[in-house]
Structure formats: structure tokens, C-alpha cells
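[1] following is a predicted model, sequence given first.
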Amino acid sequence: MTSTPLIDCSHVSCTYGNAPVVEDVYLQIQRGEFVGIVGPSGSGKTTLLNAIMGAHPVAHGSITLQPHLTIGYVPQVETVDWYFPVTVEEVIAMTRTKTSWWPRITTTERTAVREVLGQLGIADVAHRHIRELSGGQQQRVFLARAMFSQPDILIMDEPTSGVDVRTRHEILHLLANLHEKGLTILLTTHDLNGLAAHLPRLVCFNKKVIADGNPRQVLTPQVLEQTYGAPMEVLEHGGMPLVIDHGRVAMRGEGK
Amino acid sequence: MILGIDLMEPYGFQFFRQGLIVATIAGALCGLLGVFVVLRGMSYIGHGLSHAVFGGAAASAVLRINFFLGAGVWGIISGLLIARVARRRVLGADAAIGVVTTASFALGLALMNRYGQAGKSIEAVLFGSVLGVQMVDIYAVSGVAILGLVVVVLGYRRLLFSTFDRDVAQVSGVNVSAVEAGLLAMLSLTILVTMRVIGTLLISALLVIPAASARMTTNSFARMLWISPIIGASTCFVGMNLSYFLDTSASATIILLDALVFVVVYAVAGTRNRMKMASLGHI
């Protein structure tokens, strides 16, 4: 590809205290890509995201962002304080913090909020308190907040962690639609079959990049064992790789 | 005259009029900042700061420097220290705050024992006193209240964003550390100008209870910022008047009134929520 990448990580290392959590990472994200970073918990996925967003210091190497790159960030739903007294509209308008000193939401902003909610199919929840929403709606609200600043790239941390199967399908379809319309997406996940196998590009990650490419190339027993440190088998189901975890324990009386 | 009691009687005294003004403004101010204290889970910091400011008050009395200057500088330094300590996770933040503030409080107590004028002044600092209120207190509390209002109005979006979602606010370009330091400095100033009336021991209640009651009445952050100062100011106003007739401590009366408001709101909101639940139950 000839265009300059949106994000270019070169020789990047990060530490947490004295412990290295990201080691010598090379990663480029081009405009229009949909990339998933997979790896076990504690593998440094979130730290790498934070480093890209400038929220975690880079110990070695460099992360180059395209000039004036706008990032829309969607945190894990589990980190949100759902009892906080805010309505959906207030949550979304929050991102306009830098451009306005005026405390009230303006009519222009209100229209823009409606528009972005409409795009995500939840136009009617603007005045609801965030706790009154279903799991899928909650995820959409935070997606809407990230989309509100019309970002060049959407960064999501574990978008399907802590959500039910139906919500996971909703999110996957929504993201596929946004990607089709040209949005660049970078996310982390530990959900191999539910999410990762559907993405066009996967990065298997455990402190460093172990493999990078199409799920069919990347999801192999060798790569997965290197990433997760446990033996796994890969089958094919409906034209897609299906990862089987071998860590099963035989329980007494099982299958009788 | 109602029931043979002259409700206007206390207004004949200048100390009462001045105390009433300071207490009412202080109630509104504490109610306003209390919203952030409650939503950020900073109640313990408010409690600790008031104790730290007590050390500064005692030290400035001993060194014969201006109370607001001495206690103010001390309070802001402890506020910033707490902000620093709270960000490091080596020792639990609450334990670290406990060390800083109780040490400061003990120092203040020791200084007053050694150099102060017997027990009376200690009691005035701990529990507050309307008698000691002067014009300068009115100016000070009004100044801080106006500053607080300006900060909350102009910083509204930053304050809301960093209170609700610290990490994303930081990623979105909000200087979260500056917001937190500013909030702690405001809190120190508030405690400083309020402590002469309310006293060290009960200020944190004034920071927490009106905001907690306001939270029970609404699901909107913006509305909470209105309701909480109104509860704070009106309980201070009524509490001051009541304390005159009941011959009780002004601060104790105010806090008891706040607690009563909380209990009532809690009971009413609880019933309403149960009704809401019941109405959803059959769907």
C-alpha cells in the first residue's frame, strides 16, 4: 500500500512498573481496515491500545499517528458506572468538551446527537437514563459517543466482553456495517469464535505480535499455542475456522 | 408572633444575622461541590481535608498569621498531596489520606493545647460557632461561592466528562489531572471558609448529605447541581433559626435537618421505585 498508515507502531515496548508488557511491536493500521487483536488476558492488548491513544507511556520505539487523526474510543462496558446520573444525550454530547465552554447542550448538538443515534438504530432513547437500556442499546450508546466526533478510526476494548449472545451478534453486524461504509476499526478481543474469526485481519498478540493476517492464515494450532500457551485445535465450520480448546477436565460421571 | 414565639427575635442580633448569611451561602456552596464529592466517591477526602485544614488553622493561630492565609495554604497543600497520594496505588489511597490528615489534625490539637486559650477555642473550631463570625467571613464565603459557581459553570463539560469517565476523558484531550487538582483546591477553599461556622467535624456531612439526597430525587447530573445547593442552603437557613430557639449547636441542628431530609427523600424515592418495579413486573 502506498498511502501512509493511520497508525504506525515501530519497535514499540511498554512497561508496567518494571515488568515489560509490550515488547518490540511492529504494527501498521491502514485507512479502511478492520483489525482485531487477540490474546489472553494480561497479554498487553489494552496497554498497546492505551499507548496508541497516548494514555500509556512508550518505553522504547515510536508510535506515529497520521497528523490530525481523530480517535473514537469505546471502553469496556464493564468499566462504565451505570448508576451515574446521566441521560444518553448527555453521555454523547460529553465528547464536545474541548470545543465548548457553554454548559447546556445546544440545539445544533441535540440534532447531531439524534442523527448519530439514528444511524445506530436507537434514535428513541436520547432522554433515557443509561441504566434503563438493554445490553445492546448500552453498547450502541458508547459506540454513538465515539462516532459523534466523526473519528478516522474507532478503537474498542473487548466490545463483546460481558454481553450475551444476542448482543454480540448485534454488535458484530453493526461493526460490519460501519466498516462497509468506510470506517477504520481496531479492537481487542479474547472471543476467538464469536468475534475474531469473522474479522478480515487478526493480530495474535502476547506481549509481541505472534502472527498477523487473515483468520484462515493466522488461526492455526501452532500460532494459538504460542499465543495462549495451551494446546488448541482448529476445525472448519461453515467455511470459517473454529477453535476448539483442549483444556477440558474429565469429570466423574460425565456422559453417562 | 406564632404560638407566642417571636420568629424575628434572633434577627435583632448582629452575630446571628452574619452567621445566618455565612451558613446559608456555605450550605449552597457545600451542596454544589458535594455533587462531585458524592459522585466521585470522595467523601473520605472531604472528611480528611477538613481535618487537615484544622491543623493549618491551629498553626496560623500560634504563629499569629491570618487564619485564611495560614489555613488556606495548608489546606491547598494537603489537597494537592492527597491528589498525588491517591494516584499512586502502592498504599491504599484511603490509608495514605488517613495518615496525612489525621497527623495534621493531631498537630493542630497539640498546638492548641500547648499555646491556645484553654478548651473553649478548640470546641469552637471542632464544632463551629456563630458567635465568632465577622464581616470578613461573609466576604470570604461569598468570594469562594462565586468562584465555585464560575468554575462549575465554565468547567461543566470537563467536570462531567472526567467525573463520569476518567479514562475516555483523558483520551479525548481533557486534562483530567488539572480538573482533579482544581476540584480539590476548590474543596479546600470551601472547607476553609465554612469551618468557622460549621466546625471541622461536621463539614464533611454538609458536603455529602445534601448531594446524596439530591441524587435520590433525580437521574440528571444537571438537575442534581441545582437541587443539592438548594437543599444545602435551605437546611442551613432553617437550621440556624431552629438552633436559636432550641438552644442547640447550629452545626448539629443543620446536620440533623439534612439527615432528616435524606431520610424523607430516601423513604419517598424508595416507595416510588418499588411502585416502578411493580408496574414493570407483569410485563
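    Good, I have the coordinates. Residues are numbered from 1 along each chain as shown, chains lettered A, B, ... in the order given.

[2] tell me the contacts of the closest residue to chain A within the stretch 1-150 of chain B?
    Closest contact between the stretch 1-150 of chain B and chain A, by CB to the nearest CB, is at B:L39 (6.6 Å). For glycine as for every other residue, the C-beta is placed from the backbone atoms N, C-alpha and C. Contacts for B:L39 (CB atoms under 8 Å, 6 or more residues apart in numbering or on different chains) come out as A:84-85, B:163, B:211, B:215, B:221.

[3] same thing but 7 Å
    Shown in contact with B:L39 (CB atoms under 7 Å, 6 or more residues apart in numbering or on different chains): A:84, B:163.

[4] what parts of chain B come near chain A?
    B:39, B:153-154, B:156-158, B:160-161, B:164, B:167-168, B:170-174, B:215, B:218-221, B:224 (CB under 7 Å from any CB of the partner chain).

[5] same thing but 6 Å
    Proximity of chain B to chain A (CB under 6 Å from any CB of the partner chain) is limited to residues B:153-154, B:156-158, B:161, B:164, B:168, B:170-174, B:219-221, B:224.

[6] among those residues, name the buried ones.
    Those of those that meet the buried threshold are B:156-158, B:161, B:164, B:168, B:170-172, B:174, B:219-221, B:224, by 16 or more other CB atoms under 10 Å in any protein chain shown.

[7] mind checking the SS state of A:S10?
    strand (DSSP: H, G, I helix; E, B strand; the rest coil).

[8] specify the beta-bridge partners of it.
    The bridge-partner assignment for A:S10, based on DSSP bridges, gives A:S62.

[9] please enumerate the helices of chain A.
    A:45-52, A:88-93, A:107-119, A:135-148, A:165-180, A:215-218, A:221-228 (DSSP state H).

[10] can you check chain B too?
    B:14-39, B:43-62, B:67-87, B:93-115, B:118-127, B:135-154, B:156-164, B:166-171, B:176-198, B:200-217, B:221-246, B:250-281.

[11] okay if I get these as CSV plus mean pLDDT and distance to A:Y26?
    Listed next are the helices of chain B as CSV, based on pLDDT from 0 to 100; distance: least, CB to CB, whole Å:
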stretch, mean pLDDT, distance to A:Y26
helix B:14-39, 93, 42
helix B:43-62, 82, 44
helix B:67-87, 76, 32
helix B:93-115, 80, 38
helix B:118-127, 68, 62
helix B:135-154, 94, 44
helix B:156-164, 91, 34
helix B:166-171, 86, 23
helix B:176-198, 87, 31
helix B:200-217, 90, 49
helix B:221-246, 94, 43
helix B:250-281, 78, 53
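
[12] how about the ones you listed in a markdown table, adding distance to A:V74?
    Listed next are the helices of chain B as a markdown table, based on distance: least, CB to CB, whole Å:
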| stretch | distance to A:V74 |
| --- | --- |
| helix B:14-39 | 22 |
| helix B:43-62 | 30 |
| helix B:67-87 | 25 |
| helix B:93-115 | 28 |
| helix B:118-127 | 49 |
| helix B:135-154 | 28 |
| helix B:156-164 | 15 |
| helix B:166-171 | 8 |
| helix B:176-198 | 18 |
| helix B:200-217 | 27 |
| helix B:221-246 | 21 |
| helix B:250-281 | 29 |
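
[13] for A:I71, find the nearest of the ones you listed.
    helix B:166-171 (6.9 Å; CB to CB).

[14] hmm, who's touching the closest one?
    With contact meaning CB atoms under 6 Å, 6 or more residues apart in numbering or on different chains, helix B:166-171 is reached by A:53, A:55, A:73, A:75, B:161-162, B:176.

[15] and those, which is closest to A:N177?
    Once CB to CB is applied, the member of the contacts of helix B:166-171 that ends up nearest A:N177 is A:Y73, at 19.5 Å.

[16] burial measure for the closest one, as a count.
    26 (other CB atoms under 10 Å in any protein chain shown).

[17] what do you get for B:T217?
    Residues near B:T217, counting by other CB under 10 Å: 16.

[18] same question, A:M53
    A:M53 - counted by other CB under 10 Å - has 19 other residues nearby.

[19] who's in contact with it?
    A:71, B:171.

[20] and if you look at B:G199?
    Applying CB under 6 Å, 6+ apart, the residues contacting B:G199 are B:126-128, B:251.

[21] backbone phi and psi for the closest residue in space to it that isn't next to it in sequence, please?
    Distances taken as CB to CB, 6 or more residues apart in numbering or on different chains put B:G128 closest to B:G199, at 3.1 Å, once the chain neighbours are dropped. With angles defined as degrees, to the nearest 10, B:G128 sits at phi 80, psi 160.

[22] my read: B:G128 touches B:V197, true?
    Yes. Using CB atoms under 6 Å, B:G128 makes contact with B:V197 at a distance of 5.0 Å.

[23] so A:Y228 versus B:G75, what's the distance?
    52 Å (CB to CB, to the nearest Å).

[24] go on, A:A59?
    Where B:G75 is concerned, A:A59 sits at a distance of 37 Å (CB to CB).

[25] can you check A:F142 too?
    38 Å.

[26] comparing those two, which residue is more hemmed in?
    B:G75 (29 against 23).

[27] just give the nearest non-adjacent residue to the more buried one, would you?
    B:S188 (3.7 Å).

[28] which of the helices of chain A sits closest to chain B?
    Here helix A:88-93 is closest among those (CB to the nearest CB), at 6.6 Å.

[29] point me to the residue of chain A nearest chain B.
    A:P103 (3.5 Å).

[30] so what's that residue closest to, chain neighbours aside?
    B:Y156 (3.5 Å).

[31] check A:R128 too.
    A:V88 (5.6 Å).

[32] please tell me I have it right and A:D157 contacts A:T189.
    No. Contact criterion CB under 6 Å: A:D157 and A:T189 do not qualify, at 9.1 Å.

[33] stretch A:174-190 close to chain B?
    No. Using CB under 6 Å from any CB, stretch A:174-190 stays clear of chain B, with a minimum separation of 13.4 Å.

[34] quick check: end-to-end length of that stretch?
    19 Å (CA to CA, to the nearest Å).

[35] buried ones in that stretch, by neighbour count?
    A:174-175, A:178-179, A:183-190.

[36] what's the farthest-apart pair in these?
    A:L183 and A:H190 (22.9 Å).

[37] on that earlier part again, the residue nearest to B:G199: neighbouring residues, count only.
    28.

[38] likewise for A:S161?
    So A:S161, with other CB under 10 Å, has 16 neighbours.

[39] contact partners for residue 140?
    Picking chain A for this. If you count contacts by CB under 6 Å, 6+ apart, then A:R140 has A:120, A:122 around it.

[40] wait, chain B
    So B:A140 contacts B:V193 (CB under 6 Å, 6+ apart).

[41] find the nearest non-adjacent residue to residue 220, please.
    You didn't pick a chain, so chain A it is. Going by CB to CB, 6+ apart, A:T220 has A:V234 as its nearest residue, at 6.2 Å.

[42] chain B, not that one
    A:P85 (5.8 Å).

[43] A:N206 versus the residue nearest to the spatial centre of chain B, what's the distance?
    Against the mean C-alpha coordinate of chain B, by CA atoms, centre = their mean, the closest residue is B:L207 at 3.5 Å. Separation of B:L207 from A:N206 (CB to CB): 46 Å.

[44] run a quick neighbour tally on A:Q222.
    11.

[45] where in chain A is pLDDT low?
    For chain A, the stretches with pLDDT under 70 are A:1-2, A:98-99, A:247-250, A:253-256.

[46] contacting residues for B:R40?
    Here B:R40 is in contact with B:T163 (criterion: CB under 6 Å, 6+ apart).

[47] returning to what we had before: what about the residue of chain A closest to chain B, how many neighbours?
    15.

[48] so what's the backbone phi/psi at it?
    Backbone phi and psi, for A:P103 under degrees, to the nearest 10, turn out to be phi -70, psi -30.

[49] so it makes contact with B:R158?
    No. Judged on CB under 6 Å, A:P103 makes no contact with B:R158 at a distance of 10.3 Å.

[50] up against chain B, what does the stretch 1-150 of chain A have?
    Close to chain B, as judged by CB under 6 Å from any CB, the stretch 1-150 of chain A has residues A:53, A:55, A:73, A:75, A:84-86, A:94-95, A:97-98, A:101, A:103, A:129.
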